[in-house]
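Colleague: build me a structure from this.
(2 chains)
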Amino acid sequence: MLDLKWIRENVDRVREGVKAKGVSIDFEILLDLDAKRRSRIREVEELKAKRNLANDEISKLKQSGKPPTDLIDQIKTTSQNIKEIDADVGGLTDKIDQILYTIPNIPHDSVAIAKGTSGNKVVRTWGEVKSHNPYLKDHLEIMTALGWLSMDKGSKITGTAFPFYQGFGARLERALINFMVDFHTKRNGYTEVWPPALVNRASMTGTGQLPKLEEDMYRLEKDDLFLIPTAEVPITNLLRDEIVKEEDLPIRYVGYSPCFRREAGSYGKDTRGLSRVHQFDKVELVKFVKPENSLEELELLVGNAESILQALELPYRVLLLGSGDMSFASSKCYDLEVWAPATQKWFEVSSCSTFGDFQARRANIRFRRKETNKPEYVHTLNGSGVAFARAVLCLIENFQTPEGKVNFPKVLLPYLS
RNA sequence: GGAGAGGUGGCAGAGCGGUCGAUUGCGGCGGUCUUGAAAACCGUUAGGCCCGCAAGGGUCUCGGGGGUUCGAAUCCCUCCCUCUCCGCCA
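Modeller: Numbers count the residues shown, from 1 in each chain, chains lettered A, B, ... in the order given. This is a model prediction of the structure:
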């Protein structure tokens, strides 16, 4: 979330930033509640100071054996007042928090202000973008024919858009997990983690999925736990409510997890085969960095994600997202899209963002700077490195042979043999 | 799931209604001593919020929330978590 004090001092800038994200917030109400709350706090703290002095006095009188009954009677009304004002402050705080939690992060200055996807810019393209060729079959056709994937079985067992991988398809999934995690640990310097796939409400709130996206997630009612939409959630929350040492930064984690998305209301849009599914696998990169290194670390993160696509010999392009297409918590975001030559579409397989201190503030993740010895919020970043279902889709379509078989990039061969 | 014991500062561990934000030890930081280091000694070492340009002052926090009281780390209720034993189980 944004800092209330900072909002107060920079309302116009926040107002513009929020609008650029396509969200509408009534800041007059917020600032009014804030002013009321602070005035009530001043009021109640004065009373508390008075009560504390009286309590000291009572304590002394008791110790010297004098009955402090008069003083107790006097201070009773003060205590009653304190209770009432405290309740009022509590109510105001709840209202303020409710608003604060719905305010999105504002885009970084280097991000184009634009509606929807109109501000997205291709910053570079890599590899050969194959044009349409009559013999090309799409991934679903190939994988189904080879017995690698059954969307029908997934539907029977669970429901629509739950892929069931079989035989070599299952093997491929497992190989990709190992390849990507190895690559990021050995070559890109990340520390491997394997997080839980279920998280509690506090974690979902910490990274910003809640309260806004509750409808997009699978939830276990009985335990009030959520199936993670991305490993970003458990991995970022690893450091929730902690203060790390300055010299430990940057902290880099890589973790595999299954990802679960209800994708409510998205039926009929790009849903063929593996292009949009409710459960998929993903290797996620998460970084905690010092604020001054945030943008530079984002570029490195994008590079780390790209290195996977290059190793897999997949043609891709990098998009810098405009304000209207960015996620709620993101401050600056690059998407990586891979070309699928049969489907003739770009598929997003990675989204790399810096969140500034937005998540760190919500999740209370700080570091202590040596010079000042004061705790400061870290900046959090994450990116897919990369997301599977679509990467598999692109892999199959790019590496298919005219005979209806599939070759694989040589980097995967050790994992597939 | 059942029974019991606990959750206190970076860690360990006291306190169990009244100057307790908290004794003490370890660790960390600064200093004295030393050619340097160790040891020893001295000092220092939580965070949030409010007011303030600042210095500083006030207030809150002993797992979370609520209650009793003039006053709660201490008493009561509730939830969460950890440990031990039993049950169940991959």
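
Colleague: so how far is stretch A:203-216 off the chain centroid?
Modeller: Computed by CA atoms, centre = their mean, to the nearest Å, the chain-centroid distance of stretch A:203-216 equals 9 Å.

Colleague: quick one: average pLDDT of it?
Modeller: Stretch A:203-216 carries an average pLDDT of 90.

Colleague: tell me which residues in that stretch are buried?
Modeller: A:203-210, A:213 (16 or more other CB atoms under 10 Å). Bear in mind the C-beta positions are built from the backbone N, C-alpha and C, glycine included.

Colleague: ok, now stretch A:387-394?
Modeller: Neighbour-count burial for stretch A:387-394 flags A:387-394 (criterion: 16+ other CB under 10 Å).

Colleague: now do the same for the residue of the stretch 101-250 of chain A found nearest RNA strand B: helix, strand or coil?
Modeller: Closest residue of the stretch 101-250 of chain A to RNA strand B, CB to the nearest atom of the strand: A:I243 (6.9 Å). Look at A:I243: counting by DSSP: H, G, I helix; E, B strand; the rest coil, its state is strand.

Colleague: tell me the pLDDT of it.
Modeller: 87.

Colleague: give me the neighbour count for it.
Modeller: If you count neighbours by other CB atoms under 10 Å, A:I243 ends up with 13.

Colleague: can you tell me the closest non-neighbouring residue to it?
Modeller: Distances taken as CB to CB, 6 or more residues apart in numbering put A:R366 closest to A:I243, at 4.7 Å, once the chain neighbours are dropped.

Colleague: and that neighbour, how far is that from A:R8?
Modeller: Separation of A:R366 from A:R8 (CB to CB, to the nearest Å): 21 Å.

Colleague: pull out the buried positions in stretch A:291-307.
Modeller: Quick answer for stretch A:291-307 (16+ other CB under 10 Å): A:291, A:293-295, A:297-298, A:300-302, A:304-306.

Colleague: so which of the residues you listed is the closest to A:S155?
Modeller: Sorting the buried residues of stretch A:291-307 by distance to A:S155 puts A:A305 at the head of the list, at 31.2 Å, by CB to CB.

Colleague: now the element after whichever strand or helix holds that closest one, going C-ward?
Modeller: Taking DSSP states H and E as the criterion, A:A305 maps to helix A:294-311. Heading C-terminal from helix A:294-311, the first helix or strand you meet, by DSSP H and E, is strand A:316-320.

Colleague: tell me which element the spatially closest residue to A:N237 that is not a sequence neighbour falls in.
Modeller: In this structure, A:N237 finds its nearest non-sequential neighbour in A:S203, 4.1 Å apart by CB to CB, 6+ apart. Using DSSP H and E, A:S203 sits within helix A:201-207.

Colleague: near RNA strand B, anything from that helix?
Modeller: No. Helix A:201-207 stays clear of RNA strand B (CB under 7 Å from any atom of the strand), getting no nearer than 9.3 Å.
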